[in-house]
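K.L.:
Structural data only, the sequence is not supplied:
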Ligand code: DON
């Protein structure tokens, strides 16, 4: 597959649910005292709510959401993919669980080069695109250590949805239509997503996934070893060997979820708790907030050209750093100086109010050769948030990468495998699916985790969580999450308003400023006058959040651009 330009990716809404909908789904829950759940799909939101009502906590609710999203939103995420989870536990502990996929042991730096050139078809579809999945290991770890309900109970509830079937939403239908040719190349994917649905699928068509139901039940009865050390690992290895893949059963057995110290930062008296490397999300959200702290954004107003310009200039600087410095911290040295206030203060001096600057490349953060994010210091996609009255808060982003991941369904299991190998930098300076460039820090190596933008983030005030937020949409995840935080902190908006506000995105390369049309013609004209290459988007992204309401209850909110929902009780 030829890599679509970033513009095309955004315009087609290839990954997000960008389709307007008129259904009366509650996008925002009224303030709820016991807990709240927000996801991109009402059936998954209901599963999270059911878990809370059954006596589970926010962690159980998040696990229920993840397992159900793997059924009803399976083109975006599932147990064949990975996830990042940021938690604040009732006892005040803050931690992150890294369930990112790992490159198989047989992976090599140049594995996607053919005649010296990166072949994106290989990193996006089929056997070589697949990293060892980490979502299930993460959910099991969270369940064992922090949950209250048996994982088997949550698996069985999701298995029922897979068995009985569910009406696909308009986004799901559009994803199947757009990915038809690629899915057709893989027999089980063809049977499940093409034969079982009408030739031109539409919102409301019923999709049943009996194999997936069986797999969830095998997990419920045999435990997670069925996946990592048992039948599933063996079947995957057999398929891989027959189809030119590298993934082995030993790779599955070796997989481990990595608990990591969150990235911490402060912004105007609020505390940020976000995801560390191998995500770039936390580092760059904190870096951009540091860069913006010296600007009076509130005085600018969040719909002005000054606001868009200033935020975009800060994004450019951070994304230039991302391309050089960021990668799996177990393999590459990611300097902690990237999140220092002094580094940002220096860089911010280069931001001119009147015109777009050219950012030549990455900066040099302090202690760039001495102090790094480390393991012991301690990436299509979906984000969901949960919280409960005991004080547990969860922000979780889960992904197969692009729609239907690698398109490979392991025969007989209904489980779709990710294509997260495409998030590595296949060749220095050569953009991946999302137009992101990288270098040595994100080169492929055996057992390494590809760099991500997934940014499950908690915002705290006086030690107490006030917001759980994150998004789907490749690198725009960072921008969406950042904007939600700015609108909460600088503009005092409710979670709903914070997600509804117009969005912008700049990732340094390509040098394009993507803005939602909602900013209006005058703002867009002014941005062009300042030298920005403006690309207008109808709609950009998919974020979900749970926040604290003024009455002390929880308000969940699903992105008004999409078909998600929020609920609490
Ligand atoms: O980890 C990452 O940054 C990407 N693989 C996430 C992909 C994504 O968000 C697709 N979009 N909805």
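P.N.:
Ah, there it is. Predicted model only: the values in this text are computed from it and were never measured.
K.L.:
hey, which helix is longest across this protein?
P.N.:
helix 305-325 (DSSP state H).
K.L.:
residues of it that come out buried?
P.N.:
Across helix 305-325, burial judged by 16 or more other Cβ atoms under 10 Å covers 305-325. In this view, the C-beta of every residue, glycine as well, is placed from N, C-alpha and C.
K.L.:
One more: stretch 327-342?
P.N.:
327-340.
K.L.:
Would you mind identifying the next helix or strand past the worst-scoring helix or strand of the chain on mean pLDDT?
P.N.:
In the chain, the helix or strand scored least confidently by mean pLDDT, DSSP states H and E is helix 6-12, which has a mean of 44. As assigned by DSSP states H and E, the chain's next helix or strand after helix 6-12 is strand 35-39.
K.L.:
From the contact counts, what lies against that following strand?
P.N.:
Where contact means 3 or more Cβ pairs under 8 Å, 6 or more residues apart in numbering; DSSP states H and E, strand 35-39 is packed against helix 42-53, helix 58-72, strand 381-388, strand 542-548, strand 554-558, strand 565-568.
K.L.:
avg pLDDT for the third one?
P.N.:
Per-residue pLDDT values across strand 381-388 average out to 97.
K.L.:
Equivalent analysis for the fourth one, please.
P.N.:
The average of the pLDDT scores along strand 542-548 is 97.
K.L.:
That one vs the ligand: in contact?
P.N.:
No: using Cβ under 6 Å from any ligand atom, strand 542-548 never reaches the ligand; the gap is at least 6.6 Å.
K.L.:
and that strand, what does it pack onto?
P.N.:
strand 35-39, strand 381-388, strand 464-472, helix 476-489, helix 495-500, strand 554-558.
K.L.:
rerun that using 6 Å as the cut-off
P.N.:
Under the contact criterion of 3 or more Cβ pairs under 6 Å, 6 or more residues apart in numbering; DSSP states H and E, strand 542-548 touches strand 35-39, strand 381-388, strand 464-472, helix 495-500, strand 554-558.
K.L.:
In CSV, list those along with distance to the ligand and mean neighbour count.
P.N.:
As requested, those are exported to CSV (distance: least, Cβ to the nearest ligand atom, whole Å; neighbours: other Cβ atoms under 10 Å):
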stretch, distance to the ligand, mean neighbour count
strand 35-39, 14, 34
strand 381-388, 3, 33
strand 464-472, 4, 26
helix 495-500, 15, 24
strand 554-558, 15, 30
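K.L.:
that older thread, and the helices and strands packed on strand 35-39, which is most packed in?
P.N.:
For these, the largest average neighbour count (mean count of other Cβ atoms under 10 Å) is found in strand 381-388, namely a mean of 33.
K.L.:
can you give me the helices for the stretch 51-200 of the chain?
P.N.:
With helices called from DSSP state H, counting those that start in this stretch, the stretch 51-200 of the chain shows them at 58-72, 120-124, 135-146, 151-164, 170-183, 187-189.
K.L.:
Tell me what angle the third one forms with helix 151-164.
P.N.:
Spelled out, that is helix 135-146. 140 degrees (axes from the mean of the first three to the mean of the last three Cα atoms, to 10 degrees).
K.L.:
Filtering the buried residues of helix 305-325 by proximity to the ligand, which remain?
P.N.:
Within the buried residues of helix 305-325, nothing lies near the ligand by Cβ under 6 Å from any ligand atom.
K.L.:
What about residue 123, how many residues nearby?
P.N.:
The tally of other residues near residue 123 (other Cβ atoms under 10 Å) stands at 28.
K.L.:
Just the pLDDT for the residue nearest to it when sequence neighbours are not counted.
P.N.:
Leaving aside its sequence neighbours, residue 123 sits nearest to residue 422 (Cβ to Cβ, 6 or more residues apart in numbering; 4.1 Å). Looking at residue 422, its pLDDT reads 96.
K.L.:
pLDDT weak spots in this protein?
P.N.:
1-25, 374-380 (pLDDT under 70).
K.L.:
quick one, what contacts residue 496?
P.N.:
28, 557 (Cβ atoms under 6 Å, 6 or more residues apart in numbering).
K.L.:
try 10 Å this time
P.N.:
Neighbouring residues of residue 496 by Cβ atoms under 10 Å, 6 or more residues apart in numbering: 27, 28, 29, 545, 547, 555, 556, 557, 558, 559, 560, 566.
K.L.:
Then residue 115?
P.N.:
Residue 115 neighbours (Cβ under 10 Å, 6+ apart): none.
K.L.:
Ok, residue 199 next?
P.N.:
Residue 199 touches 177, 180, counting by Cβ under 10 Å, 6+ apart.
K.L.:
Quick check, residue 493 in contact with residue 487.
P.N.:
Yes: with contacts counted by Cβ atoms under 10 Å, residue 493 reaches residue 487, the gap being 4.5 Å.
K.L.:
What's the separation between residue 529 and residue 474?
P.N.:
29 Å (Cβ to Cβ, to the nearest Å).
K.L.:
Those two: who's more crowded?
P.N.:
Neighbour tally, residue 529 and residue 474, criterion other Cβ under 10 Å: the higher count belongs to residue 474, 31 against 12.
K.L.:
First-to-last residue distance for stretch 173-193?
P.N.:
Terminal residues of stretch 173-193 lie 10 Å apart, using Cα to Cα, to the nearest Å.
K.L.:
List the buried residues in it.
P.N.:
If you call a residue buried by 16+ other Cβ under 10 Å, then stretch 173-193 has these buried ones: 173-176, 178-179, 182-183, 186, 188-190, 192-193.
K.L.:
do the same with stretch 408-424
P.N.:
Across stretch 408-424, burial judged by 16+ other Cβ under 10 Å covers 408-411, 413-424.
K.L.:
same check, this time on stretch 209-220
P.N.:
Across stretch 209-220, burial judged by 16+ other Cβ under 10 Å covers 209, 211, 212, 213, 214, 215, 216, 217, 218, 219, 220.
K.L.:
Break down the stretch 301-450 of the chain into its strands, ranges please.
P.N.:
334-335, 372-373, 381-388, 393-399 (DSSP state E, counting those that start in this stretch).
K.L.:
Of those, which is nearest residue 44?
P.N.:
Within the strands of the stretch 301-450 of the chain, the stretch nearest residue 44 is strand 381-388; the backing value is 7.1 Å (Cβ to Cβ).
K.L.:
between that closest one and helix 58-72, how many degrees?
P.N.:
150 degrees.
K.L.:
quick check, distance from strand 381-388 to the centre of its chain.
P.N.:
Relative to the centre of its chain, strand 381-388 is centred 11 Å away, using Cα atoms, centre = their mean, to the nearest Å.
K.L.:
Partner strands of it and their direction?
P.N.:
Strand pairing for strand 381-388, using DSSP bridges, gives strand 35-39 (antiparallel), strand 393-399 (antiparallel).
K.L.:
okay, these in JSON lines with distance to residue 102 next?
P.N.:
JSON lines is the format used below for these (distance: least, Cβ to Cβ, whole Å):
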{"stretch": "strand 35-39", "distance to residue 102": "26"}
{"stretch": "strand 393-399", "distance to residue 102": "15"}
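K.L.:
Distance to residue 136 added to the helices and strands packed on strand 542-548, as JSON lines?
P.N.:
Below are those laid out as JSON lines (distance: least, Cβ to Cβ, whole Å):
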{"stretch": "strand 35-39", "distance to residue 136": "18"}
{"stretch": "strand 381-388", "distance to residue 136": "15"}
{"stretch": "strand 464-472", "distance to residue 136": "19"}
{"stretch": "helix 495-500", "distance to residue 136": "29"}
{"stretch": "strand 554-558", "distance to residue 136": "24"}
